[in-house]
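A.B. asks: here is a sequence together with a model predicted from it:
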Amino acid sequence: MNLTSQYIQQSRALLDTIEAQSQAIQQAADWFSQTILAGRMVHLFGSGHSRIMVEEMWPRYGSFPGFNPIVELSLSFHNLVVGANGQRQAMFLENVPGLAQRILRNYDLSNLDSALIISSSGCNVVPIEMAELFQQQGVKVVALITKQHAEKSTSKRADGKKLSDFADLILDTGAPVGDAMITVPGLDTPVAPGSTVGGAVVVNCIKAETAQRLTEAGHPPNVLSAANVVGSERAVTLFESAYDEHAHRLARLYQNVGIPSYVSDQADTLTPEQL
């Protein structure tokens, strides 16, 4: 069997692992749909390559508003690799205690919110603290980890706690320890990771289940759709309405954040004479 066939075979095994988690995926969709129907947002967070799963959820074709992608460029911008904004700095920053608190200081959280935190190892400080802080605010936390890899990894937190210690529900990408799935003859280090494949499948299963629940509740989502599927006019309408809805939901996350001001204390109908 060539290496391409081996990778495809390993990827099919990931799908089996994910299908076995169907009940947990349904639970995540229940929580996320309840948050969206309440007018709130499902917070998405992933540092490093876990950012890919955040962007897979929203916004892109086949996705819909209700999700708040929290993407810190300092933790996930890899393109330069070395030098300024390089990978070394990003990997250092994702283990700086207190950074998660500064990130979430920007939002007025509610116990109606929910969250999806993605971390393959579940051992880096910032994702763990994000989950911990969400739970302290009464926000339901779904953790997407790579179970085998996380169990064999050591937490970077001083108390040894991992992301799974602050999750109400744990989902597994199904990838192996170390992520890479293929052994090349003559090469002593495996290549070709699997957590992105498994993670993207999990995210899209949750997305589909959530869309079904919103539709059945009488609030079908505004799905970003291609013109060659729905026609150019409807595609534009869906595009505009989806992004407007996202803005309206996002405004609620900022409206009463932090220290009150004369702006937050007043209705949004002030006349120039009242200022």
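C.D. replies: Sure, I can see it. Note that the coordinates shown come from a computational prediction; the quantities given were computed from them, not determined experimentally. Residues are numbered from 1 along each chain as shown.
A.B. asks: distance check, residue 94 against residue 151.
C.D. replies: For residue 94, the distance to residue 151 (C-beta to C-beta, to the nearest Å) stands at 20 Å. Where C-beta positions appear, they are placed from N, C-alpha and C, glycine not excepted.
A.B. asks: those two: which is more packed in?
C.D. replies: Taking other C-beta atoms under 10 Å, residue 94 and residue 151 do not tie; residue 94 has more neighbours (22 against 13).
A.B. asks: model confidence for that one, exactly?
C.D. replies: Here, the pLDDT recorded for residue 94 equals 95.
A.B. asks: would you confirm that it contacts residue 87?
C.D. replies: No. When contacts are counted by C-beta atoms under 8 Å, residue 94 is not listed as touching residue 87 (10.7 Å).
A.B. asks: separation between residue 137 and residue 107?
C.D. replies: Computed as C-beta to C-beta, the residue 137 to residue 107 distance reads 9 Å.
A.B. asks: and what of residue 53?
C.D. replies: For residue 53, the distance to residue 107 - C-beta to C-beta - is 20 Å.
A.B. asks: looking at the two, which has the bigger crowd around it?
C.D. replies: More neighbours surround residue 53 than the other of residue 53 and residue 107, with 25 against 19 (other C-beta under 10 Å).
A.B. asks: wait, that one touches residue 203, no?
C.D. replies: Yes. When contacts are counted by C-beta under 8 Å, residue 53 is listed as touching residue 203 (5.2 Å).
A.B. asks: spit out the residues that contact these two alike.
C.D. replies: Contact criterion C-beta atoms under 8 Å, 6 or more residues apart in numbering; residues shared by residue 53 and residue 203: residue 144.
A.B. asks: all strands for the stretch 151-275 of the chain, in order.
C.D. replies: Listed in chain order, the strands of the stretch 151-275 of the chain (DSSP state E, counting those that start in this stretch) span residues 169-172, 180-182, 191-193.
A.B. asks: any buried residues in the second one, and which?
C.D. replies: Spelled out, it's strand 180-182. Under the neighbour-count criterion of 16 or more other C-beta atoms under 10 Å, strand 180-182 has residue 181 buried.
A.B. asks: bridging residues for residue 140?
C.D. replies: residue 114 (DSSP bridges).
A.B. asks: which residue is nearest the centroid of this structure?
C.D. replies: Centroid check for the chain by C-alpha atoms, centre = their mean gives residue 44 as the closest residue, at 3.1 Å.
A.B. asks: strand partners (parallel or antiparallel) of the particular helix or strand that has that residue in it?
C.D. replies: Following DSSP states H and E, one finds residue 44 within strand 42-46. According to DSSP bridges, strand 42-46 forms sheet pairs with strand 67-70 (parallel), strand 114-118 (parallel).
A.B. asks: relative to residue 31, which of those is closest?
C.D. replies: Nearest to residue 31 among these is strand 114-118; the distance by C-beta to C-beta comes to 4.7 Å.
A.B. asks: downstream neighbour of the closest one in the secondary structure list?
C.D. replies: Following strand 114-118 in sequence order, the next helix or strand is helix 125-136 (DSSP H and E).
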